[in-house]
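Trainee: Output the structure for:
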Amino acid sequence: MNGITGPRDNSLFGNPPARIPKGTKFAPGPDKRPSGSVELPIRRKVYIRIPNRKGTLDTKTALSYLLWVYRTGRKGSIVSHGITTYVRRNGRLLIRLEPRRGRPIFIRVLRKLPLRRWSYIAVSYELRGAVGVFELYLNSRRVLRRVFKGMSRFILNTRGSPLVGGFSGRVACLRFYRAALTGRQLARRKKKCFRKCS
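Mentor: Take a look at the predicted model:
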């Protein structure tokens with residue numbers, strides 16, 4: 001999601017390019033290089049739809065995703081795919097774990113996402129037997145860990161296409177993983193998409 005690689009899938013799954021709606025534009029990214037992010041407008045909600053061809057992103061019981069976020073004001077969802085990361089008007093995050101059947105689980109986060117500053121966000125979830133473990137990382141530091149019991153039937157609703165957007169700001173370096181990465185693994189990927197100065 002930048003002006004260099006465009007909306008194409010850089011993984012080995014070979015998904016079609018994401019659909020970038022009108023009203024978005026490329027902007028400097030967290031590496032301060034030109035066209036390193038996609039900027040979502042302030043005046044209206046727009047969503048970037050990421051194809052999930054043949055269910056390659058249907059992770060079901062284990063998922064991690066990470067990205068850089070630059071918030072400019074309006075509340076709304078940031079990423080939605082089994083786990084929705086939502087920023088409220090006061091900058092605090094709200095997490096929603098979405099099952100295929102039954103009610104979602106909401107997790108309120110006290111930490112705030114600052115305005116007009118880049119933040120590195122990573123989430124992970126894994127179902128271990130009947131126990132679900134969720135973790136949230138901000139700037140490579142774990143700020144939240146929740147353990148849920150009696151979750152043997154809680155299968156993440158990852159069948160559809162991931163959506164990015166709803167809030168106003170910039171997003172960069174979005175990556176999905178079919179496993180619950182550890183804090184160390186997530187930290188190692190923090191600057192993987194940064195471009196070196198020529």
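Trainee: Quick check: end-to-end length of stretch 171-187?
Mentor: End-to-end distance of stretch 171-187 (Cα to Cα, to the nearest Å): 18 Å.
Trainee: same thing with stretch 153-171?
Mentor: One end of stretch 153-171 sits 33 Å from the other (Cα to Cα).
Trainee: what's the pLDDT at the closest residue to Pro21 other than its chain neighbours?
Mentor: The shortest distance from Pro21 to any residue other than its chain neighbours is 4.6 Å, reached at Val46 (Cβ to Cβ, 6 or more residues apart in numbering). Yep, even glycine has a C-beta here, placed from its N, CA and C like the rest. In this prediction, Val46 carries a pLDDT score of 91.
Trainee: residues near Val46, how many?
Mentor: Look at Val46: counted by other Cβ atoms under 10 Å, it has 17 neighbours.
Trainee: Phi and psi next, for it.
Mentor: phi -130, psi 150 (degrees, to the nearest 10).
Trainee: Over to Ala187?
Mentor: Dihedral pair for Ala187: phi -70, psi -40, per degrees, to the nearest 10.
Trainee: for the residue most central in space within the chain, what are its contacts?
Mentor: Centrality entry for the chain: nearest residue to the mean C-alpha point is Val79, 4.4 Å, by Cα atoms, centre = their mean. Each residue near Val79 by Cβ atoms under 8 Å, 6 or more residues apart in numbering is listed here: 65, 67, 85, 162-164, 174.
Trainee: Report the two of the residues you listed separated the most.
Mentor: By the measure Cβ to Cβ, Leu67 and Leu163 form the most distant pair in those, at 12.8 Å.
Trainee: Which residue of the two possesses the greater neighbour count?
Mentor: Using other Cβ under 10 Å as the criterion, Leu67 and Leu163 rank with Leu67 on top: 23 against 16.
Trainee: how about the helix or strand where the more buried one lies as CSV, C-alpha atoms only?
Mentor: Using DSSP states H and E, Leu67 sits in strand 62-71. The C-alpha trace of strand 62-71 is given here as CSV (Å, rounded to 0.1, in the frame of the first residue of the first chain):
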residue,chain,number,x,y,z
ALA,A,62,-4.8,-18.0,14.4
LEU,A,63,-4.1,-14.6,13.0
SER,A,64,-1.7,-11.7,13.2
TYR,A,65,-1.7,-8.5,11.3
LEU,A,66,0.6,-5.4,11.6
LEU,A,67,0.7,-2.0,10.1
TRP,A,68,1.7,1.6,10.6
VAL,A,69,-1.0,4.1,11.3
TYR,A,70,-1.0,7.9,11.2
ARG,A,71,-4.3,9.3,12.6
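Trainee: Which positions in whatever helix or strand comes next after it come out as buried?
Mentor: As assigned by DSSP H and E, the chain's next helix or strand after strand 62-71 is strand 76-81. The neighbour-count check on strand 76-81 (16 or more other Cβ atoms under 10 Å) flags 76-81 as buried.
Trainee: Can you tell me which of the residues you listed comes closest to Arg89?
Mentor: Closest approach between these and Arg89, by Cβ to Cβ: Gly76, at 9.7 Å.
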